[in-house]
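Visitor: quick one, what's the 3D model for this:
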Amino acid sequence: MKLLIRFVLLLAALTLAGCGFHLREAKPLSPTLSRVQIEASDPFSTVPLALARALRERGAAVGPGAGASVLKITRDEAVTEPLTIGGQARVQEYRVILRITFELRDADGKVLLDSTTIERQRDYRFDETQALGASSEDERVRDELRREQIYALLRALEAVR
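Guide: Sure thing, here's the model as predicted:
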């Protein structure tokens with residue numbers, strides 16, 4: 001019985017290895033982005049912290065210094081707007097929209113990535129009987145959208161050579 005289990009496990013391992021399966025890896029950033037300085041127009045934005053963490057995970061040094069490329073976040077806005085209104089003039093659905101606009105310059109000031117806007121949006125339903133959960137729903141949606149924005153921004157940076 002043990003021999004059969006070992007054989008099945010070995011067969012499964014060989015099948016996975018043979019099909020080319022491997023975990024998704026982050027693409028390395030170009031040498032131009034080995035040091036990145038992040039400048040944000042909104043001092044209370046969470047984007048620079050999340051972006052700095054993601055850049056460090058990819059091997060970049062974050063902060064000012066010699067040869068640092070400058071990633072300037074020129075606009076960072078989050079909007080929650082009513083989407084549908086019910087029969088009693090109460091909001092039933094909301095739409096959350098997050099927009100971020102940025103540009104990238106090398107240490108000499110040459111534009112590497114022109115002004116680019118990344119927008120993410122999601123709709124969610126508001127249940128007035130669960131009013132206490134509405135703020136946490138809005139916060140959860142914003143967190144997910146922000147994470148998607150950071151990944152989209154990193155993909156744009158990966159394309160810079």
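Visitor: shaky segments in the chain?
Guide: Applying pLDDT under 70 to the chain flags residues 16-27, 128-135.
Visitor: from T46, how far off is G63?
Guide: Distance, G63 to T46, by Cβ to Cβ, to the nearest Å: 18 Å. Using the backbone N, CA and C atoms, a C-beta is placed for each residue, glycine as well.
Visitor: which stretches in the protein count as strands?
Guide: Applying DSSP state E to the chain gives strands spanning 35-40, 61-62, 69-85, 91-105, 111-125.
Visitor: with mean neighbour count and distance to S136 added, can I get the ones you listed in JSON lines?
Guide: Output for the strands of the chain, formatted as JSON lines (neighbours: other Cβ atoms under 10 Å; distance: least, Cβ to Cβ, whole Å):
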{"stretch": "strand 35-40", "mean neighbour count": "18", "distance to S136": "26"}
{"stretch": "strand 61-62", "mean neighbour count": "16", "distance to S136": "31"}
{"stretch": "strand 69-85", "mean neighbour count": "15", "distance to S136": "13"}
{"stretch": "strand 91-105", "mean neighbour count": "18", "distance to S136": "13"}
{"stretch": "strand 111-125", "mean neighbour count": "14", "distance to S136": "11"}
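Visitor: nearest to V8, of these?
Guide: Checking the strands of the chain against V8 by Cβ to Cβ gives strand 111-125 as the closest, at 42.7 Å.
Visitor: returning to what we had before: compare G63 and T46 (neighbour count), which wins?
Guide: Each of G63 and T46 has its neighbours counted (other Cβ atoms under 10 Å); T46 has more, 15 against 10.
Visitor: burial count for the residue nearest to the more buried one when sequence neighbours are not counted?
Guide: Beyond its immediate neighbours in the sequence, the residue positioned closest to T46 (Cβ to Cβ, 6 or more residues apart in numbering) is R146, lying 6.8 Å away. When neighbours are defined as other Cβ under 10 Å, R146 has 19 of them.
Visitor: hmm, R146 is touching L49, no?
Guide: No - taking contacts as Cβ atoms under 8 Å, R146 lies outside contact range of L49: 10.7 Å.
Visitor: what residues sit buried inside the longest helix seen in the chain?
Guide: Longest helix in the chain, counting residues (DSSP state H): helix 131-158. Using 16 or more other Cβ atoms under 10 Å as the test for burial, helix 131-158 gives 134, 137-138, 141-142, 145-146, 149-150, 153-154, 157.
Visitor: closest to V111 out of these?
Guide: Nearest to V111, judged by Cβ to Cβ, of the buried residues of helix 131-158 is L157 at 13.8 Å.
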